[in-house]
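> My questions are about this predicted structure, shown below with the sequence.
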Amino acid sequence: GQLHDLAVKAGLEFFGTALGESHTSDSAYISLGTDSSEFGQLTPENGQKWDSTEPSRGQFSYTSGDIVPGIAAANGQILRCHTLTWHSQLPNWVSSGGFSYSDLQSIIETHIANVVGHYAGACHHWDVVNEAADDSGNWRSSVFYDTMGTDFLAISFNAAKAADPSAKLYLNDYNLEYNGAKTDRVFEAAQIIQAAGAPIDGVGFQGHLIVGSTPSRSSLATALRRFTALGLEVAYTEVDIRHSSLPPSDSALVTQGNDFASVVGSCLDVDGCVGVTVWGVTDKYSWIPDTFPGQGAALLYDDNLAKKPAWTSVSSVL
Ligand code: XIL
(Lines give C-alpha, C1' and ligand atoms only; values in the text may rest on other atoms or scores of the structure.)
Protein backbone atom coordinates (compact mmCIF):
# COMPACT_ATOMS: atom_id res chain seq x y z
CA GLY A 1 0.00 0.00 0.00
CA GLN A 2 0.97 3.60 -0.47
CA LEU A 3 1.41 6.05 2.36
CA HIS A 4 -1.57 8.37 1.89
CA ASP A 5 -3.96 5.47 1.44
CA LEU A 6 -2.55 3.78 4.55
CA ALA A 7 -2.76 7.05 6.50
CA VAL A 8 -6.42 7.53 5.58
CA LYS A 9 -7.21 3.94 6.62
CA ALA A 10 -5.45 4.66 9.92
CA GLY A 11 -7.72 7.66 10.52
CA LEU A 12 -5.64 10.61 9.30
CA GLU A 13 -6.83 13.10 6.69
CA PHE A 14 -3.63 12.94 4.67
CA PHE A 15 -0.04 11.96 4.15
CA GLY A 16 1.61 14.51 1.88
CA THR A 17 4.71 16.28 0.72
CA ALA A 18 6.11 19.65 -0.20
CA LEU A 19 6.70 19.98 -3.92
CA GLY A 20 9.41 22.25 -5.32
CA GLU A 21 8.34 24.64 -8.06
CA SER A 22 11.78 24.59 -9.67
CA HIS A 23 11.89 20.84 -10.39
CA THR A 24 8.76 20.42 -12.47
CA SER A 25 10.73 19.41 -15.56
CA ASP A 26 11.96 16.26 -13.75
CA SER A 27 9.29 13.84 -14.91
CA ALA A 28 10.22 11.02 -12.51
CA TYR A 29 10.00 13.47 -9.61
CA ILE A 30 6.64 14.81 -10.73
CA SER A 31 5.24 11.38 -11.36
CA LEU A 32 6.05 10.31 -7.79
CA GLY A 33 4.97 13.64 -6.31
CA THR A 34 1.61 13.47 -8.07
CA ASP A 35 0.86 9.86 -7.04
CA SER A 36 -2.12 10.69 -4.86
CA SER A 37 -2.15 7.29 -3.19
CA GLU A 38 1.36 7.99 -1.92
CA PHE A 39 1.15 11.76 -1.37
CA GLY A 40 -2.50 12.72 -1.01
CA GLN A 41 -1.58 16.27 -0.06
CA LEU A 42 0.83 18.87 -1.48
CA THR A 43 2.40 22.03 -0.03
CA PRO A 44 4.07 24.57 -2.34
CA GLU A 45 7.71 24.67 -1.20
CA ASN A 46 8.34 28.33 -2.03
CA GLY A 47 5.87 29.82 -4.50
CA GLN A 48 3.33 31.28 -2.08
CA LYS A 49 5.88 33.07 0.11
CA TRP A 50 5.77 36.86 0.35
CA ASP A 51 8.89 37.49 -1.78
CA SER A 52 7.22 35.54 -4.57
CA THR A 53 3.63 36.80 -4.27
CA GLU A 54 4.19 40.50 -3.49
CA PRO A 55 7.77 41.36 -4.48
CA SER A 56 6.98 45.06 -4.45
CA ARG A 57 4.23 46.82 -2.57
CA GLY A 58 0.83 46.25 -4.10
CA GLN A 59 2.24 44.25 -7.05
CA PHE A 60 0.95 40.70 -6.77
CA SER A 61 2.27 37.82 -8.83
CA TYR A 62 1.09 34.24 -8.77
CA THR A 63 3.22 32.68 -11.50
CA SER A 64 5.21 30.52 -9.10
CA GLY A 65 2.52 30.31 -6.44
CA ASP A 66 0.01 28.75 -8.81
CA ILE A 67 2.25 25.86 -9.90
CA VAL A 68 1.67 23.47 -7.02
CA PRO A 69 -2.01 24.36 -6.50
CA GLY A 70 -2.53 23.56 -10.19
CA ILE A 71 -0.75 20.22 -9.86
CA ALA A 72 -2.73 19.33 -6.73
CA ALA A 73 -6.05 20.16 -8.38
CA ALA A 74 -5.18 18.16 -11.49
CA ASN A 75 -4.31 15.10 -9.42
CA GLY A 76 -6.97 15.20 -6.73
CA GLN A 77 -4.49 16.10 -3.97
CA ILE A 78 -5.36 18.14 -0.87
CA LEU A 79 -3.59 21.50 -0.77
CA ARG A 80 -1.91 23.02 2.29
CA CYS A 81 -1.03 26.64 1.54
CA HIS A 82 2.18 28.14 2.89
CA THR A 83 2.78 30.86 4.20
CA LEU A 84 1.68 34.45 5.00
CA THR A 85 3.20 36.34 7.93
CA TRP A 86 6.80 35.11 8.23
CA HIS A 87 10.09 36.89 8.86
CA SER A 88 11.93 34.94 6.14
CA GLN A 89 11.68 35.04 2.36
CA LEU A 90 10.24 38.49 2.88
CA PRO A 91 10.98 41.13 0.24
CA ASN A 92 13.23 43.98 1.29
CA TRP A 93 10.45 46.51 1.04
CA VAL A 94 8.82 44.75 4.02
CA SER A 95 11.81 43.52 6.02
CA SER A 96 13.55 46.90 5.96
CA GLY A 97 10.73 48.23 8.14
CA GLY A 98 10.35 51.85 9.18
CA PHE A 99 6.56 51.53 9.15
CA SER A 100 4.11 52.89 11.66
CA TYR A 101 1.89 50.35 13.41
CA SER A 102 -1.10 51.25 11.25
CA ASP A 103 0.89 51.20 8.01
CA LEU A 104 2.26 47.73 8.77
CA GLN A 105 -1.20 46.52 9.80
CA SER A 106 -2.48 47.67 6.44
CA ILE A 107 0.46 46.02 4.64
CA ILE A 108 -0.30 42.69 6.34
CA GLU A 109 -4.04 42.97 5.72
CA THR A 110 -3.57 43.89 2.06
CA HIS A 111 -1.10 41.06 1.50
CA ILE A 112 -3.34 38.46 3.10
CA ALA A 113 -6.53 39.72 1.45
CA ASN A 114 -4.89 39.40 -1.95
CA VAL A 115 -3.03 36.13 -1.53
CA VAL A 116 -5.66 34.24 0.44
CA GLY A 117 -8.33 35.71 -1.81
CA HIS A 118 -6.48 34.46 -4.89
CA TYR A 119 -6.56 30.87 -3.56
CA ALA A 120 -9.97 31.09 -1.84
CA GLY A 121 -11.68 27.71 -1.74
CA ALA A 122 -8.55 25.81 -2.82
CA CYS A 123 -6.57 25.63 0.42
CA HIS A 124 -7.52 22.99 2.97
CA HIS A 125 -5.10 24.68 5.40
CA TRP A 126 -3.22 27.97 5.42
CA ASP A 127 -0.04 28.40 7.45
CA VAL A 128 -1.03 31.94 8.42
CA VAL A 129 1.81 32.77 10.79
CA ASN A 130 5.13 30.96 10.55
CA GLU A 131 7.90 30.87 13.17
CA ALA A 132 6.70 33.51 15.65
CA ALA A 133 9.06 32.24 18.36
CA ASP A 134 12.84 32.16 18.24
CA ASP A 135 15.03 29.23 19.18
CA SER A 136 15.42 30.38 22.80
CA GLY A 137 11.66 30.63 23.27
CA ASN A 138 11.47 34.41 23.03
CA TRP A 139 9.18 36.19 20.62
CA ARG A 140 11.11 36.28 17.37
CA SER A 141 12.43 39.71 16.47
CA SER A 142 11.04 40.64 13.06
CA VAL A 143 9.53 43.65 11.37
CA PHE A 144 6.17 42.32 12.55
CA TYR A 145 6.94 41.80 16.24
CA ASP A 146 9.26 44.78 16.50
CA THR A 147 6.57 47.11 15.12
CA MET A 148 3.36 45.61 16.50
CA GLY A 149 4.25 43.33 19.40
CA THR A 150 2.07 40.24 19.34
CA ASP A 151 -0.86 42.07 17.71
CA PHE A 152 0.29 40.89 14.28
CA LEU A 153 -0.84 37.38 15.23
CA ALA A 154 -4.58 38.02 15.56
CA ILE A 155 -4.47 40.60 12.76
CA SER A 156 -3.09 37.94 10.40
CA PHE A 157 -5.62 35.28 11.37
CA ASN A 158 -8.55 37.69 11.10
CA ALA A 159 -7.43 38.81 7.66
CA ALA A 160 -7.08 35.21 6.44
CA LYS A 161 -10.54 34.28 7.71
CA ALA A 162 -12.09 37.26 5.95
CA ALA A 163 -10.49 36.27 2.64
CA ASP A 164 -11.27 32.53 2.81
CA PRO A 165 -13.73 31.38 5.48
CA SER A 166 -13.30 27.74 4.43
CA ALA A 167 -9.55 27.26 4.95
CA LYS A 168 -8.37 25.97 8.30
CA LEU A 169 -5.93 28.48 9.73
CA TYR A 170 -2.64 27.34 11.25
CA LEU A 171 0.16 28.69 13.38
CA ASN A 172 3.30 26.83 12.28
CA ASP A 173 6.75 26.45 13.83
CA TYR A 174 9.74 24.13 14.28
CA ASN A 175 11.27 22.53 17.35
CA LEU A 176 7.87 22.34 19.03
CA GLU A 177 8.60 18.60 19.17
CA TYR A 178 11.03 19.03 22.07
CA ASN A 179 8.34 20.51 24.35
CA GLY A 180 10.69 23.13 25.76
CA ALA A 181 10.75 26.93 26.02
CA LYS A 182 9.94 27.33 22.34
CA THR A 183 6.88 25.12 22.65
CA ASP A 184 5.80 27.18 25.67
CA ARG A 185 6.03 30.38 23.63
CA VAL A 186 4.04 29.02 20.71
CA PHE A 187 1.46 27.72 23.19
CA GLU A 188 1.22 31.27 24.53
CA ALA A 189 0.86 32.57 20.96
CA ALA A 190 -2.05 30.22 20.34
CA GLN A 191 -3.70 31.38 23.57
CA ILE A 192 -3.18 35.05 22.63
CA ILE A 193 -4.86 34.46 19.27
CA GLN A 194 -7.76 32.66 20.91
CA ALA A 195 -8.12 35.30 23.63
CA ALA A 196 -8.33 37.98 20.92
CA GLY A 197 -11.29 36.09 19.46
CA ALA A 198 -9.36 35.43 16.26
CA PRO A 199 -9.97 32.28 14.21
CA ILE A 200 -7.13 29.79 14.73
CA ASP A 201 -7.87 26.15 13.86
CA GLY A 202 -4.56 24.40 14.23
CA VAL A 203 -0.90 24.32 15.11
CA GLY A 204 1.64 22.91 12.68
CA PHE A 205 4.65 21.06 14.02
CA GLN A 206 7.19 21.44 11.22
CA GLY A 207 9.17 18.39 12.32
CA HIS A 208 12.66 19.29 11.08
CA LEU A 209 14.38 16.66 13.21
CA ILE A 210 17.72 14.88 13.57
CA VAL A 211 18.40 11.16 13.32
CA GLY A 212 19.04 9.78 16.79
CA SER A 213 17.82 12.95 18.53
CA THR A 214 14.14 12.68 17.70
CA PRO A 215 11.91 12.53 20.80
CA SER A 216 10.08 9.29 21.53
CA ARG A 217 6.60 8.61 20.17
CA SER A 218 5.07 9.23 23.60
CA SER A 219 7.01 12.46 24.19
CA LEU A 220 5.92 13.71 20.79
CA ALA A 221 2.31 12.83 21.59
CA THR A 222 2.57 14.77 24.85
CA ALA A 223 3.72 17.87 22.99
CA LEU A 224 0.91 17.55 20.41
CA ARG A 225 -1.70 17.14 23.17
CA ARG A 226 -0.80 20.47 24.76
CA PHE A 227 -2.34 22.10 21.70
CA THR A 228 -5.29 19.77 21.17
CA ALA A 229 -6.18 20.56 24.80
CA LEU A 230 -6.78 24.14 23.59
CA GLY A 231 -9.41 22.81 21.18
CA LEU A 232 -7.03 23.05 18.23
CA GLU A 233 -6.07 20.43 15.70
CA VAL A 234 -2.42 19.67 15.01
CA ALA A 235 -0.45 18.36 12.05
CA TYR A 236 3.14 17.60 11.17
CA THR A 237 3.73 20.02 8.32
CA GLU A 238 7.37 19.79 7.14
CA VAL A 239 8.89 16.55 8.35
CA ASP A 240 12.44 15.65 7.50
CA ILE A 241 14.87 13.80 9.76
CA ARG A 242 18.42 14.56 8.77
CA HIS A 243 21.60 12.62 9.22
CA SER A 244 24.19 14.85 10.81
CA SER A 245 26.96 13.16 8.87
CA LEU A 246 26.93 11.71 5.40
CA PRO A 247 26.68 9.19 3.96
CA PRO A 248 24.47 7.45 6.53
CA SER A 249 25.51 4.01 7.74
CA ASP A 250 23.06 1.12 7.48
CA SER A 251 22.36 1.40 11.19
CA ALA A 252 21.76 5.16 10.88
CA LEU A 253 19.19 4.42 8.16
CA VAL A 254 17.42 2.06 10.56
CA THR A 255 17.46 4.71 13.30
CA GLN A 256 16.05 7.20 10.82
CA GLY A 257 13.20 4.80 10.13
CA ASN A 258 12.49 4.41 13.83
CA ASP A 259 12.46 8.20 14.21
CA PHE A 260 10.02 8.61 11.31
CA ALA A 261 7.85 5.92 12.88
CA SER A 262 7.85 7.85 16.18
CA VAL A 263 6.65 10.99 14.40
CA VAL A 264 3.93 9.31 12.37
CA GLY A 265 2.95 7.08 15.31
CA SER A 266 2.54 10.07 17.61
CA CYS A 267 0.09 11.61 15.16
CA LEU A 268 -1.91 8.38 15.16
CA ASP A 269 -1.93 8.43 18.97
CA VAL A 270 -3.39 11.92 19.29
CA ASP A 271 -7.04 12.68 18.60
CA GLY A 272 -6.93 15.89 16.62
CA CYS A 273 -3.69 15.16 14.77
CA VAL A 274 -4.93 15.31 11.20
CA GLY A 275 -1.97 14.51 8.98
CA VAL A 276 1.70 14.34 8.17
CA THR A 277 3.53 16.24 5.44
CA VAL A 278 7.16 15.49 4.60
CA TRP A 279 9.28 18.40 3.37
CA GLY A 280 10.12 16.92 0.02
CA VAL A 281 9.72 13.82 -2.10
CA THR A 282 13.40 12.93 -2.40
CA ASP A 283 16.80 13.60 -0.85
CA LYS A 284 17.84 14.82 -4.29
CA TYR A 285 16.03 18.14 -3.88
CA SER A 286 15.90 18.53 -0.09
CA TRP A 287 16.66 21.98 1.35
CA ILE A 288 18.72 20.43 4.17
CA PRO A 289 22.21 20.29 2.59
CA ASP A 290 21.96 23.95 1.58
CA THR A 291 20.97 25.11 5.06
CA PHE A 292 22.87 22.56 7.17
CA PRO A 293 26.08 21.88 5.21
CA GLY A 294 27.31 18.30 5.52
CA GLN A 295 23.91 17.04 6.69
CA GLY A 296 21.02 15.55 4.77
CA ALA A 297 19.51 12.36 3.40
CA ALA A 298 16.50 13.41 5.48
CA LEU A 299 13.55 12.08 3.46
CA LEU A 300 11.84 8.79 2.53
CA TYR A 301 13.23 8.45 -1.01
CA ASP A 302 16.91 8.63 -1.92
CA ASP A 303 18.61 10.60 -4.70
CA ASN A 304 17.52 7.96 -7.23
CA LEU A 305 13.90 8.03 -6.05
CA ALA A 306 14.29 4.60 -4.43
CA LYS A 307 12.47 3.89 -1.18
CA LYS A 308 14.69 4.05 1.91
CA PRO A 309 14.32 1.95 5.07
CA ALA A 310 12.39 4.89 6.56
CA TRP A 311 9.68 4.42 3.93
CA THR A 312 9.15 0.87 5.13
CA SER A 313 9.09 2.04 8.76
CA VAL A 314 6.40 4.61 7.98
CA SER A 315 4.31 2.16 6.00
CA SER A 316 4.56 -0.35 8.87
CA VAL A 317 3.43 2.09 11.54
CA LEU A 318 0.46 3.31 9.49
C1 XIL B 1 12.61 26.22 2.73
C2 XIL B 1 12.60 25.64 1.31
O3 XIL B 1 12.54 24.24 1.39
C4 XIL B 1 13.83 26.09 0.56
O5 XIL B 1 13.73 25.72 -0.81
C6 XIL B 1 14.00 27.60 0.66
O7 XIL B 1 15.21 27.97 0.06
C8 XIL B 1 13.99 28.05 2.10
O9 XIL B 1 12.78 27.61 2.72
N10 XIL B 1 10.58 26.28 7.42
C11 XIL B 1 9.58 26.60 6.52
C12 XIL B 1 9.78 26.35 5.07
O13 XIL B 1 8.48 26.99 6.95
O14 XIL B 1 9.11 27.28 4.28
C15 XIL B 1 11.25 26.32 4.71
O16 XIL B 1 11.36 25.93 3.34
C17 XIL B 1 11.99 25.38 5.62
C18 XIL B 1 11.88 25.82 7.07
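The structure has been received and is ready for your questions. Numbering: from 1, shown residues only.

> Just list the residues touching residue 190, thanks.
The neighbours of residue 190, taking C-beta atoms under 8 Å, 6 or more residues apart in numbering as the test, are 171, 200, 203, 227, 230, 232. Placement of C-beta: from N, CA and C, glycine included.

> Looking at those residues, which are in helices?
Here DSSP state H is the test, and those give residue 227 as lying in helices.

> where does residue 97 land in three-state SS?
State at residue 97, reduced to three classes by DSSP: H, G, I helix; E, B strand; the rest coil: coil.

> Could you count how many residues lie near it?
12 (other C-beta atoms under 10 Å).

> Run a quick neighbour tally on the closest residue to it other than its chain neighbours.
Once flanking residues are discounted, residue 97 sits nearest to residue 143: 4.4 Å by C-beta to C-beta, 6 or more residues apart in numbering. Counted with other C-beta under 10 Å, the neighbours of residue 143 add up to 20.

> Next one, pLDDT for residue 143 please.
With respect to pLDDT, residue 143 has a value of 98.

> my guess is it meets residue 94, correct?
Yes. Proximity of residue 143 to residue 94 meets the contact threshold set by C-beta atoms under 8 Å, at 6.1 Å.

> circling back to that earlier point, okay, the residue nearest to residue 97 and residue 152: tell me how far apart.
Residue 143 sits 9 Å away from residue 152 when distances are taken as C-beta to C-beta, to the nearest Å.

> Common neighbours of those two, please.
Shared contacts of residue 143 and residue 152, counting by C-beta under 8 Å, 6+ apart, come down to residue 104.

> List the beta-bridge partners for the residue in the stretch 51-200 of the chain that the ligand sits nearest to.
When distances are taken as C-beta to the nearest ligand atom, the stretch 51-200 of the chain reaches nearest to the ligand at residue 130, 5.1 Å away. Following DSSP bridges, residue 130 is listed with bridge partners residue 172.

> what's around it, how many residues?
For residue 130, the number of neighbouring residues by other C-beta under 10 Å comes to 25.

> same question, residue 250
Counted by other C-beta under 10 Å, the residues lying close to residue 250 total 7.

> One more: residue 62?
Other residues near residue 62 come to 16 when the count uses other C-beta under 10 Å.

> How about it: what's its closest non-neighbour residue?
Here the residue nearest residue 62, using C-beta to C-beta, 6+ apart, is residue 118, at 5.8 Å.

> Please name the residues that touch the closest residue to the ligand within the stretch 201-318 of the chain.
Here the stretch 201-318 of the chain gets closest to the ligand at one residue, residue 287, 3.4 Å apart by C-beta to the nearest ligand atom. Contacts here follow C-beta under 8 Å, 6+ apart; on that basis residue 287 touches 45, 279-280.

> most surrounded residue in those?
residue 280 (27 neighbours).

> Quick check: next helix or strand after the top strand by length along the chain?
Once the chain is assigned using DSSP state E, the strand that runs over the most residues is strand 233-242. Following the chain from strand 233-242 toward its C-terminal end, the next helix or strand by DSSP states H and E is helix 250-269.

> Identify the residues contacting that next one?
Applying C-beta under 8 Å, 6+ apart, the set of residues contacting helix 250-269 is 7, 10-12, 177, 207, 209, 211-212, 214-218, 220-221, 224, 234-236, 239, 241, 243, 248, 273, 275-276, 297, 300, 308-310, 312-314, 316-318.

> that older thread, kindly identify which of the contacts of residue 287 also come near the ligand.
The residues of these that also fall near the ligand, by C-beta under 6 Å from any ligand atom, are residue 45.

> now the contacts of residue 287 in a markdown table, with secondary structure and pLDDT?
Output for these, formatted as a markdown table (DSSP: H, G, I helix; E, B strand; the rest coil; pLDDT from 0 to 100):
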| residue | secondary structure | pLDDT |
| --- | --- | --- |
| 45 | coil | 98 |
| 279 | coil | 99 |
| 280 | coil | 98 |
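
> any chance of the contacts of residue 287 in CSV, with distance to residue 188 too?
Supplementary listing: those in CSV, determined by distance: C-beta to C-beta, whole Å:
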residue, distance to residue 188
45, 29
279, 26
280, 31
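
> ok, stretch 3-22 near the ligand or not?
No. On the criterion C-beta under 6 Å from any ligand atom, stretch 3-22 is out of touch with the ligand, staying 6.5 Å away.
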